[in-house]
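>>> what follows is a protein structure lacking sequence information:
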């Protein structure tokens, strides 16, 4: 079964300074960093993060996601709770499932 961490927003703190303004950031327990200009924006983005649809049970029951799973559920595996497990899983060409792979992309185009 995929090791997907339960989402929980961490402490909101200072992040990078852009154009003289300090951005804020918080980490979700699933590993996603959420950034914004103020705490209200962080909370809004976190609320949206919680609405990311989860793949069906047969996908979540696998030992590791496949290239097809990431293509079918990109929001979950690229920018959502499944990112940590997808980024730790290599494709057959030894790229991470969250990275662009020329071999997998060529296979998908053919």
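Perfect, I can see it now. These numbers come from a predicted model, not from an experiment. Numbers count the residues shown, from 1 in each chain.

>>> going forward, measure contacts between C-alpha atoms and count neighbours the same way
Noted.

>>> just for this structure, where's the confidence low?
Low-confidence segments of the chain, defined by pLDDT under 70: 110.

>>> mind jotting down where the helices sit in it?
For the chain, the helices defined by DSSP state H occupy 39-49, 57-60, 67-72, 74-78, 83-87, 102-109.

>>> among those helices, which comes closest to residue 12?
With Cα to Cα as the measure, helix 39-49 is the member of the helices of the chain nearest residue 12 (6.7 Å).

>>> any residues touching that closest one, and which ones?
Helix 39-49 is contacted from outside by 9, 12, 24-26, 34-36, 80, using Cα atoms under 8 Å, 6 or more residues apart in numbering.

>>> repeat that for stretch 87-100.
For stretch 87-100, the surrounding residues in contact (Cα under 8 Å, 6+ apart) are 64-67, 70, 77-78, 83, 86, 101, 103-104.

>>> now list the buried members of the residues you listed.
Taking 16 or more other Cα atoms under 10 Å as the criterion, what is buried in these is 64-67, 70, 77-78, 83, 86, 101, 104.
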